[in-house]
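Undergrad: here's my sequence, what's the structure:
(2 chains, ligands or ions: 1)
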Amino acid sequence: MIETPDPGFVQGAGPATSAVWNSVVSVWPEHEKFLRASFAGRSPDLLDTTEVIADLLARVSRASGKSLESFAADYRHLCEKIVYPEELHFAREGRYRLTTFAEADREVYSNPAVMGPYMNGLFVSDALWFNHASAMNDFAKVYLPRAAPGGRHLEIGPGHGMLLHLALRFGSFASLAAWDVSETSVRHVRSVLATLGQSDRVDVRLMDLASDRALTENRGRFDTIVFSEVLEHLERPDLALERIRDLLAPDGTVWINVPANGPAPDHLYLLRSPAEAEEAVRSAGLEIVRAAAFPVAGATLDRALRKQLPISCVLTAKRA
Amino acid sequence: MSREVILGDIREIMADVFDMDVDDVVVTPDTTADDIEEWDSLSHIRLIVAVERRFKVKFTNAEIERLRRVGDLVALVEAKQPA
Ligand SMILES: C[S@@+](CC[C@H](N)C(=O)[O-])C[C@H]1O[C@@H](n2cnc3c(N)ncnc32)[C@H](O)[C@@H]1O
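TA: Down below sits the predicted model:
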C-alpha cells in the first residue's frame, strides 16, 4: 500500500517544485504514485534543475494570470487525453500513428484546442517527468559548462522556451538566436523572454530549418546548436541533421534530445533505441562526442529497451 | 475458460509486463494498482494490450480507463470470450 505523504514531502526539492507537485496532486490525486517514482533518487543537481524549471513555470504562471492549477489541469489532459491514447496505439501496433506533417498539422499544430493544453502540459512535464527533467539537467549541468564562453548559440524549435532560459541562465554566449517554424511558438517564446526581462538577449525568428535562407545566411556560423524534441516531428529527419551539420562552425557542437519509443500525436519518426538515434546522427556526417539516455520514470534503461518504453536520448555531436 | 484459468493467465502476463518473478505476483480479484509498485498508468496500458493479445479480445478506451481491479479485468475477458 502507498501511504499518502504530506504535501511538499519531496526530499531536497525546492519551493517551486513542491508548488508544482502539489498543484498536480490537487487536480489529479491518482498521479501521485507516478510522481513518487519520477522523483525517487533524483540527484541534488537534478533537483536544482527541476527547481529552475518549476520556478520559470511559476513566473510564467504569474505573468500570464493562468494559475498553477490550470497548468496542472493541462498536464493531466496531456497525459490522459493526448499521450495515453498514443501509448495504447503504440503498444498495439508497434509504430507511431501518424506519418505525415500534413496529418500532424491538421490534428495538432493548427488545432488550438489541442495545441494550447499540449504546450502547457509539456512545460509541466519538463519538471515532473524523470526523463524530461534529466535531459534538461544534462543540458544545463553537463553541456553548457563545457561550451567555450563567448560563442554564437542557436536553438532550433524552442517550443515554449525552456532551453533558451537555461542557456541564458547557465551559459555565457556572445549571442543567442532561436528559430521556429511556428508563428505561435515564436510569439510564445517572445512573451516568455519578456516575462524574464531578457527580450533583447535573444534574436527570435520565424524560420524553417529546411528553408534555403536558413543555410545561405548561416553556413558554419554557430558554435552551439540545440535541437531538442524536434527530430521526431519531421518527415525528413536525415535532411535536418545534415542541415545542422552545415550550420555548425568547424569546432561547433550540437546538443540533440530525441525520444525513442515516445508516441505522441505529432511524432512521425520512430527511433527504437539510443543506438538507432546515434546511427541517424552519424549518417548525417556528424561524430558523436557524448551520449546519455534517460528512461521513463520507474524503469531502468535495460527494462525500457526490452519493453520498448520511452527513453530520452541525448547526444552531443560535432562535424565528422 | 473458467475465471480461475483466466486469472492464472493474467497473473503470468502481469509478471511479464511488470518484469517481476511470477512467484512475487500475488493477485486476487481485488488486487489493484495500489498493491503493485510496478503497476502505473503506462504499464497499465501495456498490461491491457498483452491481455488483448493473449485472449484475442479488444477493449474500448472507456473500458481501459475504467478498469481498476484484476477481478474486473477477468470478468471483462470472460464476457468477451466467444460463447
Ligand atoms: C515539441 S517542440 C520542442 C520544444 C523544446 N525544444 C523542448 O525541447 O521542449 C518542437 C518545436 O519545433 C518546431 N519545429 C518543427 N519543425 C521545424 C522546422 N523545420 N524548423 C524550425 N522549427 C521547427 C515546432 O514549431 C515546435 O515549436
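Undergrad: starting at the chain centroid, how far to whichever strand in chain A runs longest?
TA: Ordering each strand of chain A by length in residues (DSSP state E) puts strand A:248-260 first. Relative to its parent chain, strand A:248-260 has a centroid offset of 14 Å by CA atoms, centre = their mean, to the nearest Å.
Undergrad: so chain A: which segments form each domain?
TA: Following automatic domain parsing, one gets these domains for chain A: A:15-128, A:130-319.
Undergrad: is the first one up against chain B anywhere?
TA: By that I understand domain A:15-128. Yes - residues of domain A:15-128 contacting chain B under CB under 8 Å from any CB of the partner chain: A:31, A:33-34, A:37, A:79-80, A:84-85, A:87-88, A:91-92. (Glycine included, C-beta is placed from N, CA and C.)
Undergrad: what about that domain, average pLDDT?
TA: Mean per-residue pLDDT for domain A:15-128: 95.
Undergrad: quick one: it to chain centroid distance?
TA: With CA atoms, centre = their mean, you get 11 Å for domain A:15-128.
Undergrad: how long is that domain end to end?
TA: For domain A:15-128, the first-to-last residue distance is 14 Å (CA to CA, to the nearest Å).
Undergrad: rewinding a little: filter the residues of domain A:15-128 next to chain B down to the buried ones, ChimeraX style.
TA: To isolate the buried members of those in ChimeraX, using 16 or more other CB atoms under 10 Å in any protein chain shown:
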select /A:31,33,34,37,79,84,85,87,88,91
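Undergrad: make TSV out of the residues of domain A:15-128 next to chain B and add distance to B:Leu73 and secondary structure.
TA: As requested, these are exported to TSV (distance: CB to CB, whole Å; DSSP: H, G, I helix; E, B strand; the rest coil):
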residue	distance to B:Leu73	secondary structure
A:His31	21	helix
A:Lys33	19	helix
A:Phe34	20	helix
A:Ala37	22	helix
A:Cys79	22	helix
A:Glu80	19	helix
A:Tyr84	17	helix
A:Pro85	19	helix
A:Glu87	18	helix
A:Leu88	15	helix
A:Ala91	16	helix
A:Arg92	17	helix
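Undergrad: one step back: any idea of the mean pLDDT for the longest strand of chain A?
TA: 98.
Undergrad: to B:Ala15, which of the domains of chain A lies closest?
TA: domain A:130-319 (12.9 Å; CB to CB).
Undergrad: how far does the closest one sit from its chain's centre?
TA: 8 Å.
Undergrad: B:Glu38 and chain A, how far apart?
TA: 7 Å (CB to the nearest CB, to the nearest Å).
Undergrad: ramachandran angles for the nearest residue to that residue once chain neighbours are set aside?
TA: Distances taken as CB to CB, 6 or more residues apart in numbering or on different chains place B:Phe18 nearest to B:Glu38, at 3.7 Å, with adjacent residues excluded. When read as degrees, to the nearest 10, the backbone of B:Phe18 gives phi -90, psi 0.
Undergrad: pLDDT value on B:Phe18, please?
TA: 93.
Undergrad: same question for B:Val70.
TA: pLDDT, B:Val70: 96.
Undergrad: who's in contact with it?
TA: B:Val70 sits next to B:7, B:10, B:27-32 when contact means CB atoms under 8 Å, 6 or more residues apart in numbering or on different chains.
Undergrad: for chain A, longest helix please?
TA: helix A:44-64 (DSSP state H).
Undergrad: for the host helix or strand of A:Val226, which strands pair with it and how are they oriented?
TA: Per DSSP states H and E: A:Val226 is located in strand A:222-228. Strand A:222-228 pairs in its sheet with strand A:152-156 (parallel), strand A:248-260 (parallel), by DSSP bridges.
Undergrad: may I have it as CSV, with CA atoms only?
TA: The C-alpha trace of strand A:222-228 is given here as CSV (Å, rounded to 0.1, in the frame of the first residue of the first chain):
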residue,chain,number,x,y,z
PHE,A,222,27.1,28.5,-34.8
ASP,A,223,29.3,27.3,-32.0
THR,A,224,26.5,25.6,-30.2
ILE,A,225,23.1,24.4,-31.5
VAL,A,226,20.2,23.0,-29.6
PHE,A,227,17.9,20.6,-31.3
SER,A,228,15.5,19.2,-28.7
